[in-house]
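**Q** Dropping a prediction and its sequence here:
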Amino acid sequence: AQKVTQAQTEISVVEKEDVTLDCVYETRDTTYYLFWYKQPPSGELVFLIRRNSFDEQNEISGRYSWNFQKSTSSFNFTITASQVVDSAVYFCALSEAQGTYKYIFGTGTRLKVLA
Amino acid sequence: AAGVIQSPRHLIKEKRETATLKCYPIPRHDTVYWYQQGPGQDPQFLISFYEKMQSDKGSIPDRFSAQQFSDYHSELNMSSLELGDSALYFCASSDSNNSPLHFGNGTRLTVT
């Protein structure tokens, strides 16, 4: 069975601090996708990144970076120099690479960035 | 760029009433997914459609049904509403190339 664990329920940081959100997943599939979505207070789900299981290269996009380690089944997300606008709930998700591609979400991490 | 459109944004119903939620996917997206997100919870997969046929089913109650129409829009029909159905309902769409899911802004259903 597939499972995504986000052990950090809530994190508070002060603006300009770096913060890492952890994501650990379980799957028997050899091919799969991993995702991060942001859900700001307004409620919409905003796509941030997708990574497929064959691509372990880390990725950086502005202040965001992602560290995918297949050996530890982790796909962690780091925000550098956090800003108040980064305050949101962040979901990690997993989908199979075949079939219907439905997502299994983690329980989310609520990030509060304080001014 | 066009996004997934959901209507209505907010809906208030009483127990035992029915509700219909609508979803208009991004143009040329042929796959639609419905998710339910309870307060403080993660989104849970309900059902999906590909080319107007049901492709997968998750934890969707028997009181709920859904379909995808010829123009690819989808409707989620919910009957005999219960207080526990109060949630944010998301629709998402993707294309045949397995693009990442694009979510609509959600419909917030409140059952009183």
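**A** Here it is on my side, so go on.

**Q** What helix or strand is A:Val13 located in?
**A** A:Val13 belongs to strand A:10-14 when assigned by DSSP states H and E.

**Q** again, but for A:Leu34
**A** Counting by DSSP H and E, A:Leu34 is part of strand A:32-39.

**Q** For stretch A:75-92, the averaged confidence score.
**A** For stretch A:75-92, mean pLDDT is 97.

**Q** What is the neighbour count of A:Val89?
**A** A:Val89 is flanked by 20 other residues according to other Cβ atoms under 10 Å in any protein chain shown. C-beta coordinates here come from the backbone N, C-alpha and C atoms, glycine included.

**Q** Contacts only, for B:Arg63.
**A** B:Arg63 sits next to B:78-82 when contact means Cβ atoms under 8 Å, 6 or more residues apart in numbering or on different chains.

**Q** Counting neighbours, which of those residues end up buried?
**A** B:78, B:81 (16 or more other Cβ atoms under 10 Å in any protein chain shown).

**Q** Name the nearest of the contacts of B:Arg63 relative to B:Lys52.
**A** Nearest to B:Lys52 out of those is B:Met78 (Cβ to Cβ; 20.3 Å).

**Q** rewinding a little: could you export the strand holding A:Val13 as PDB, CA atoms only?
**A** The C-alpha coordinates for strand A:10-14 follow below in PDB (Å, rounded to 0.1, in the frame of the first residue of the first chain):
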ATOM      1  CA  GLU A  10       3.200  22.500  12.500                       C
ATOM      2  CA  ILE A  11       6.400  24.600  12.200                       C
ATOM      3  CA  SER A  12       6.900  28.200  13.200                       C
ATOM      4  CA  VAL A  13       9.900  30.200  12.100                       C
ATOM      5  CA  VAL A  14      10.900  33.800  12.000                       C
END
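
**Q** Identify the residues contacting that strand?
**A** A:19, A:21, A:82, A:109-114.
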